[in-house]
Structure formats: C-alpha cells, structure tokens
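K.L.:
predicted model and sequence below, questions to follow.
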Amino acid sequence: MEKPIILTGDRPTGPLHLGHYAGSLLNRIEFQDSHCQYILVADMQALTDNSANPNKVTENVLEVVKDYLAVGIDPKKTKIVLQSQVPDIALLSMIFSNLVSVARVERNPTVKQEVRQKGFNHEVPMGFFSYPVSQAADIAAFRATVVPVGEDQKPMVELTNEIVHRFNTTYGSDVFCKADAIIPKYGRLPGVDGKAKMSKSLGNGIQLNASADEISKAVKKMYTDPNHLKVEDPGTVEGNVVFSYLSAFDPNQSEVEQLKEHYRRGGLSDSKIKKRLNEVLQELLEPIRERRCQLDQDISYVRQVIQEGTEEGLDAVSRTMKDVRSAIGINYWM
C-alpha cells in the first residue's frame, strides 16, 4: 500500500525555536517513516508581509533547512521543497481563487487574528489576505491527505476542503481528495515571557541553535507564578512556563508530576525547577547545536538537499497539474 501523503512547512523568516520543535519538528521526525512527507519552505508566503525586506526571507531559507537537518529530518525520507521554485503552485492558487469568495476568506478567524497582530488595518496586502487560498493550493498540489496544524490553523484545512470540493464538483472530476488536520501532541508552547505564543517576531523563544549561556539566561527569566513569593507558599502550575516546558521536554514525566504536586502544596522554589529545566534543555539542545555547526561548514550539502527535494516536489506537483489542466480543459498542447 502507498503511504499517505503529509504536507507541512514553515515560513523562512528566522531560525526555528523550541516552539517549532515541540509543535511540529518532533512529529515530522516520527511521520517520515510512516508517511510520504513533504516539508514546504514557504518563502513566497513569507514575502506576503515581508515584500519590502526580501533579504529577511531569502537569507533564512538555509537557516531553516539547517534546523531541519540538525534535529533529525532525513532528506532520504522527507522531501524538503522550496515553494518559490515550484511555480505550478501559484497557478493552482489562481485557479482556486476563482472558487472562493472574498467574504469566505474574511470569515477565517486566523486571517482576522493575524491582520490585527501585524497592524495592517485596512492596508492588508492582497497576497497576505489571500494566503489561505495559497495554503489550500500548497496542500492540494501535493495531494496531501494529512496536514499537521496548530489548533488555530484548523480553519485553513477546512477552507482547503471546501475549495477542493468546489473544484471537483465544478469540473466533474475527482482530482483532489479531503485532507485531515491533525493537532500536534504538545500544541502551542508559550513564550518565555508567559505570552500565549512563542514567536520569532516577538523574540520570546529559545532558538534551536542557542548557546549554553543563552539557554541559561532564558530559563532564569522565565515566567512562573507571580504569587509564589516564598518557597513555602503554594504555587500554581497552570500557566507556569517552566512546568509547560518540563512537560514538553523532560524525559522523566513521572518525576515532573511529583514536582508539580510539590509545587502546588508549597516547599519547592522556582530556582529549583528552573535548575532542572536548564539541565533538560542543555542536554536536549547541545547535540542539535553541534550538528548545526557541522552543517555551517557544509553549505553545499544543505543546498543539495533543497535542490533534490524541490526537484521531487516539482515532479509531484506536475502530475497533479496535468490532471487539473485536463479537468478544466486548459491542456491546449497536450
């Protein structure tokens, strides 16, 4: 039996951080054995809100791919594809844009939230506004049946399924099938400052290539329980960033549960739980940092991985678009 196709990806706007590791990279490592996996480096999508600063995008393509390889993404099992070098995705996005209304895209809660977050108000770039359609084209172009997303991104997959259903019914074909969203086990990791989201743009994360000193400093300033003023005071675990990270990364979860109970009843200091987390993160990130340093010395290999993965992506999308052109009737010279 053929493996199910899975599509995931990142916007190359900066090096990846622990939030990416917990929320997506661990799943990608697991899925690359059971699925036909494509990872899309979405540089065109990143340009929708960085058009005036393209270097921010182009210079981070290699950085993101180095992070993939450093954490254990195997290019023999997973195809890493550069979005801008697969032009048929843009063609499919244009075709899809004729099958969805502006009002439907406006109702997407993720779009509303990100427009507010970026402060676009009424000056939203058309490329940014329509990126849910572009994402639908990404998913459909690879004929992905599985799409790992955060809880807030589920509406994107729902819109994708609406559009491909409209395509199939409009053109009387079965070119596309339904995609299922799967939610990562750890969900969204909070920022070190206690904000709900660890984000490159907010600068509240720990990068995968962070030095030992940078890790220690980040852990020291982590948000805990502001009412836990004395060691003997009962503390709150919920919303406590240190415990969120221990739950995600500490290999001994039974001891973490014991620490939570101790903290709740009082008698456990913030400094002790931060010391444990620092040790956990140092052990986790040291080999990733070392592997990344090796990749820094072999950029030609990183470029080769991108080129070979993109060539495989081109072939997959080309097969899809052959069926798309046939269904619509725009296969003039075929």
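P.N.:
Now that the structure is in, tell me what you want to look at.

K.L.:
mind checking the SS state of Tyr38?
P.N.:
Under DSSP: H, G, I helix; E, B strand; the rest coil, Tyr38 falls in the strand class.

K.L.:
chain center to the helix or strand hosting Gln117: distance?
P.N.:
Assigned by DSSP states H and E, Gln117 falls within helix 109-118. Taking Cα atoms, centre = their mean, to the nearest Å, the mean C-alpha location of helix 109-118 is offset from the chain mean by 17 Å.

K.L.:
please save the CA atoms from the one helix or strand Val133 maps to in CSV.
P.N.:
Per DSSP H and E: Val133 is located in helix 131-141. The C-alpha trace of helix 131-141 is given here as CSV (Å, rounded to 0.1, in the frame of the first residue of the first chain):
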residue,chain,number,x,y,z
TYR,A,131,-2.7,33.3,1.7
PRO,A,132,-5.4,30.8,3.0
VAL,A,133,-6.1,30.2,-0.7
SER,A,134,-2.4,29.8,-1.3
GLN,A,135,-2.2,27.3,1.5
ALA,A,136,-5.0,25.4,0.0
ALA,A,137,-3.0,25.2,-3.2
ASP,A,138,0.0,24.0,-1.3
ILE,A,139,-1.9,21.2,0.3
ALA,A,140,-3.8,20.2,-2.9
ALA,A,141,-0.8,20.5,-5.2
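
K.L.:
after it, which helix or strand is next?
P.N.:
Next along from helix 131-141, by DSSP H and E: strand 146-148.

K.L.:
could you pull out the helices for the stretch 201-334 of the chain?
P.N.:
212-220, 241-249, 253-265, 270-296, 299-328 (DSSP state H, counting those that start in this stretch).

K.L.:
do you know which of the ones you listed lies nearest Phe176?
P.N.:
Nearest to Phe176, of all those, is helix 299-328, at 8.3 Å by Cβ to Cβ. Every C-beta, even on glycine, is put in place using the N, C-alpha and C of the backbone.

K.L.:
quick one, the closest one and helix 270-296 angle?
P.N.:
If you take axes from the mean of the first three to the mean of the last three Cα atoms, to 10 degrees, helix 299-328 sits at 90 degrees to helix 270-296.

K.L.:
from the chain's centre, how far out does helix 299-328 sit?
P.N.:
Centroid separation for helix 299-328 versus its chain: 20 Å, with Cα atoms, centre = their mean.

K.L.:
please identify the helix or strand for Val81.
P.N.:
Val81 belongs to strand 78-82 when assigned by DSSP H and E.

K.L.:
with only the CA atoms kept, save the next helix or strand after that strand in PDB.
P.N.:
As assigned by DSSP H and E, the chain's next helix or strand after strand 78-82 is helix 88-97. Extracted in PDB, the C-alpha atoms of helix 88-97 (Å, rounded to 0.1, in the frame of the first residue of the first chain):
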ATOM      1  CA  ASP A  88       2.700  25.500 -10.600                       C
ATOM      2  CA  ILE A  89       1.600  26.100  -7.000                       C
ATOM      3  CA  ALA A  90       1.000  29.700  -7.900                       C
ATOM      4  CA  LEU A  91      -1.100  28.700 -10.900                       C
ATOM      5  CA  LEU A  92      -3.200  26.400  -8.800                       C
ATOM      6  CA  SER A  93      -3.700  29.200  -6.300                       C
ATOM      7  CA  MET A  94      -5.000  31.400  -9.000                       C
ATOM      8  CA  ILE A  95      -7.400  28.700 -10.100                       C
ATOM      9  CA  PHE A  96      -8.600  28.200  -6.600                       C
ATOM     10  CA  SER A  97      -9.100  31.900  -6.100                       C
END
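
K.L.:
now helix 88-97: average pLDDT?
P.N.:
On average, the pLDDT along helix 88-97 is 97.

K.L.:
again, but for stretch 106-114
P.N.:
Averaging pLDDT along stretch 106-114 gives 80.

K.L.:
in it, what's buried?
P.N.:
Under the neighbour-count criterion of 16 or more other Cβ atoms under 10 Å, stretch 106-114 has 108, 110-111, 114 buried.

K.L.:
other residues contacting it?
P.N.:
Applying Cβ atoms under 8 Å, 6 or more residues apart in numbering, the contact partners of stretch 106-114 are 105, 128-129, 131-132, 152-153, 155-156, 159.
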